[in-house]
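Colleague: Sequence first, predicted model second:
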Amino acid sequence: MGTFPEAHSADYCWGGCPGSLQEAMHVFRAFYPNVEKEMEKILYVVGRVEGPLDLKEGEKVIFAGGCTGWKGTIDGKDVTIESSYKTTREVDEKKTKSNDMLLKTTKTLLSCMRNRNSRYLHVKGCPISVADHVHYLSAAAKIKNVNFDHRYLIPVNIAYWQMRANRFLNRFFG
């Protein structure tokens, strides 16, 4: 846990990445009660961190959130994680990116695939959603991705497409 950019929150993340991580772990525990024993070790970094990381053999690092920044070496290679944090005054809420479930899932899974051989992932955004945490933890810790559990895959997709159809119809009849 590093420091955070806002003067009123130098020691606390108001965006919620640590809370989303905790919620993702609750989701994993609901499906796999012994998940902490089964998953590979992860070092989770949030905020601006100074100095070397105590990275163990085989351990991966997730640098989470737009406020995260770090500079150092991993496996003898120089790594620089640049903060992309923006204050609320710098964010134009009319230009926010899509929050579409399929787009977000596809983007996250592609990032996981591109970085599967890397010892670290830099996950940008503020905050990182619980669902994205589940994807990234599944990839980095090599555990089953509960977002694709067969019991929920079909009902979630039906609900998604119903929502999309209703939004489309509301444009004309709403």
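Modeller: Arrived safely.
Colleague: Which residues does the longest helix belonging to the chain contact?
Modeller: Looking across the chain with DSSP state H, the single longest helix is helix 150-173. Contacts with helix 150-173, where a contact means Cβ atoms under 8 Å, 6 or more residues apart in numbering, come from 101-102. Just so you know, the C-beta spots here come from the backbone N, C-alpha and C atoms, and that holds for glycine as well.
Colleague: Assign residue 73 to helix, strand or coil.
Modeller: Assigned by DSSP: H, G, I helix; E, B strand; the rest coil, the conformation of residue 73 is strand.
Colleague: doesn't residue 79 make contact with it?
Modeller: Yes: assessed by Cβ atoms under 8 Å, residue 73 is found in contact with residue 79 at 6.5 Å.
Colleague: higher neighbour count, these two?
Modeller: Shown here are residue 73 and residue 79; by other Cβ atoms under 10 Å, residue 79 has more neighbours (17 against 11).
Colleague: would you say that one is within a helix?
Modeller: No: according to three-state DSSP, residue 79 belongs to no helix; its state is strand.
Colleague: Contacts only, for it.
Modeller: If you count contacts by Cβ under 8 Å, 6+ apart, residue 79 has them with 70-73, 120.
Colleague: returning to what we had before: what mean pLDDT does the longest helix of the chain have?
Modeller: Averaging pLDDT along helix 150-173 yields 89.
Colleague: Skip ahead from the host helix or strand of residue 109 and say which helix or strand is next.
Modeller: Element membership of residue 109, judged by DSSP states H and E, is helix 101-114. The helix or strand immediately downstream of helix 101-114 is strand 120-123, counting by DSSP H and E.
Colleague: Beyond that following strand, next helix or strand please.
Modeller: Sequence order places helix 130-141 as the next helix or strand after strand 120-123, per DSSP H and E.
Colleague: if you average pLDDT over that following helix, what comes out?
Modeller: Helix 130-141 shows a mean pLDDT of 91 in the predicted model.
Colleague: Could you check how far residue 159 is from residue 144?
Modeller: Relative to residue 144, residue 159 is positioned 22 Å away (criterion: Cβ to Cβ, to the nearest Å).
Colleague: Please read the previous query as pertaining to residue 27.
Modeller: Counting by Cβ to Cβ, the separation of residue 27 from residue 144 is 12 Å.
Colleague: same question, residue 38
Modeller: 9 Å.
Colleague: which residues do these two both contact?
Modeller: residue 32.
Colleague: The helix or strand of the chain with the lowest mean pLDDT: which residues count as buried?
Modeller: When each helix and strand of the chain is scored by mean pLDDT, DSSP states H and E, helix 101-114 comes last, with a mean of 86. Neighbour counts over helix 101-114 (16 or more other Cβ atoms under 10 Å) mark 101, 104, 108-109, 111-112 as buried.
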